[in-house]
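[1] fold the stuff below for me.
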Amino acid sequence: MLSKTSFKTPIGQLYLIADQQILLAAGFSGFDDLIPRLSPADSVREIEQITEIPVISELISDYFRGDTSSLNSIKVRQPGAPFYQSVWKEMRKIPVGKTWSYSELAKRAGSAGAVRAVGTACSTNLIAAIVPCHRIVKSGGSLGNYAYGVEVKEWLLKHEGAL
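    Presented below is the predicted three-dimensional model:
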C-alpha cells in the first residue's frame with residue numbers, strides 16, 4: 001500500500017506519495033496531478049492518507065526550515081525512459097546553492113546534444129524539489145520555466161542561496 005500526505009510550506013501546499021521509505025511523487029498541484037503520472041504498477045495500488053510519511057516528511061520539513069541539504073537523503077523512484085533516469089540521477093548531484101544549464105546537464109547525462117530531451121525530463125519530473133529540476137536554468141542564466149511557476153522556482157533558488 002502506498003501512502004500520501006500533504007503539508008503547508010512557505011510556497012504552498014506540498015503533496016507527497018511514497019512507497020514506504022521511497023518517495024514516488026512530490027508536487028504543489030495536488031494528488032489529482034500526481035497519481036495519474038505514477039508508474040502503471042504504482043497507479044493501481046491502494047493509497048492511504050496519513051498525517052506524515054516517516055523520515056521523508058521530517059527531511060522535507062528540515063529543508064524548509066533551512067537545512068537545504070536534507071533532501072539528499074530521500075530515496076526516490078519515478079517512471080521514465082533510461083535517458084530521463086540518467087538526467088534525474090545527474091540532477092540530484094547539483095550542489096545546493098548552484099545551478100546548471102540545460103546543456104551542462106545534457107553533457108553530464110551522457111548526451112551533449114540532447115538539450116531538448118533534458119527540458120522534457122525536467123518538465124516531466126514527478127518529484128519536484130527533491131529531484132531538483134528548479135536548479136536547471138537557461139544557458140544565459142535566466143531562470144526559464146518551472147511546472148509550478150517561476151515564482152516557486154525563484155523562491156527555492158533563493159532559499160538554497162543560488163540567487
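[2] what residue is smack in the middle of this protein?
    residue 128 (2.4 Å; Cα atoms, centre = their mean).
[3] excluding its backbone neighbours, what's nearest it?
    residue 27 (4.8 Å; Cβ to Cβ, 6 or more residues apart in numbering). C-betas here are computed from N, CA, C, even on glycine.
[4] same check on residue 47?
    residue 2 (4.5 Å).
[5] the one you found is in contact with residue 48, isn't it?
    Yes. Counting by Cβ atoms under 8 Å, residue 48 is a contact partner of residue 2 at 7.3 Å.
[6] more neighbours, the two?
    Comparing residue 2 with residue 48 by other Cβ atoms under 10 Å, the one with more neighbours is residue 2, at 19 against 9.
[7] one step back: show me the contacts for the residue nearest to the centre of the chain.
    For residue 128, the contact set (Cβ atoms under 8 Å, 6 or more residues apart in numbering) comprises 26-28, 134, 147-148.
[8] re earlier: give me the pLDDT for the residue nearest to residue 47.
    For residue 2, the pLDDT comes out at 98.
[9] got a list of what residue 55 touches?
    So residue 55 contacts residue 21 (Cβ under 8 Å, 6+ apart).
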